[in-house]
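> Got a sequence here, can you model it:
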Amino acid sequence: MTIALIAALLAALSVLALLWSRWPGWMKALLVVGVTAFYFAAYEAVLAIWGLPSHEPLPPRFVLLAATIEEPTPRTSGALYLWVTALEDGKPAAQPRAYQLAYTKDLHGMLNDAVKKTRQGVSQMGSTHPKRAAHSFLWLRSSNDELDIQIRDLPVPQLPEK
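Here you go, the predicted model:
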């Protein structure tokens, strides 16, 4: 079943329950609140399923796979799109993920250099660190705007001697 069909079926059942049931008013109100909450949760889930770039912060350590730069125009503020694989315990995660960052000229230049090196066969590794500010609450930070992003060459793995 498609998502639209499921949503239509849920809406029809909710209308039937609201109009012709003998439920008390508080139960009908609870149904309205529940269906509304379900709608917003389903919307967020569908966005994650579609594979749209995430607005979540970048992982602390990652391997840069690709980058696309959308420069600012008079109509748009621009964006930087990264496709990265998170590094967890020194090993790459199972699946890569797309991220969207706000456009900055410094990051644009850094990503251009990193993409050129990637095309030459030099893998690129990135790391993120929170920017230091005098009066900041680190636990409130959740966006890429407050992260200091660094990209460098991925170290060559050391093979054991024979």
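> Please give me every residue in contact with the most centrally placed residue in the chain.
Nearest to the geometric centre of the chain sits residue 54, at 1.7 Å (Cα atoms, centre = their mean). Neighbouring residues of residue 54 by Cβ atoms under 8 Å, 6 or more residues apart in numbering: 48, 97, 98, 99, 100. (Each C-beta comes from the backbone N, C-alpha and C, glycine too.)
> which of these count as buried?
Neighbour counting by 16 or more other Cβ atoms under 10 Å classes 97, 99, 100 among these as buried.
> what's the closest of those to residue 131?
Set against residue 131, the nearest of these by Cβ to Cβ is residue 99 (17.4 Å).
> Now that closest one: closest residue in space, sequence neighbours ignored.
residue 82 (4.8 Å; Cβ to Cβ, 6 or more residues apart in numbering).
> Check which helices and strands the host helix or strand of that neighbour sits against.
Using DSSP states H and E, residue 82 sits within strand 79-88. Here strand 79-88 touches strand 61-70, strand 97-102, helix 105-119, going by 3 or more Cβ pairs under 8 Å, 6 or more residues apart in numbering; DSSP states H and E.
> For those, give me a markdown table that also has distance to residue 18 and mean pLDDT.
Output for the helices and strands packed on strand 79-88, formatted as a markdown table (distance: least, Cβ to Cβ, whole Å; pLDDT from 0 to 100):
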| stretch | distance to residue 18 | mean pLDDT |
| --- | --- | --- |
| strand 61-70 | 45 | 93 |
| strand 97-102 | 39 | 91 |
| helix 105-119 | 50 | 94 |
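> Please identify which of these is closest to residue 146.
Proximity to residue 146 (Cβ to Cβ) singles out strand 97-102 among the helices and strands packed on strand 79-88, at 10.8 Å.
> what angle sits between that closest one and helix 105-119?
150 degrees (axes from the mean of the first three to the mean of the last three Cα atoms, to 10 degrees).
> Could I get the CA-only coordinates of strand 97-102 as PDB?
Provided in PDB are the C-alpha atoms of strand 97-102 (Å, rounded to 0.1, in the frame of the first residue of the first chain):
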ATOM      1  CA  ARG A  97      24.500   9.600   4.400                       C
ATOM      2  CA  ALA A  98      23.800  12.900   2.700                       C
ATOM      3  CA  TYR A  99      24.100  16.200   4.600                       C
ATOM      4  CA  GLN A 100      23.100  19.700   3.800                       C
ATOM      5  CA  LEU A 101      25.200  22.600   5.200                       C
ATOM      6  CA  ALA A 102      24.700  26.400   5.000                       C
END
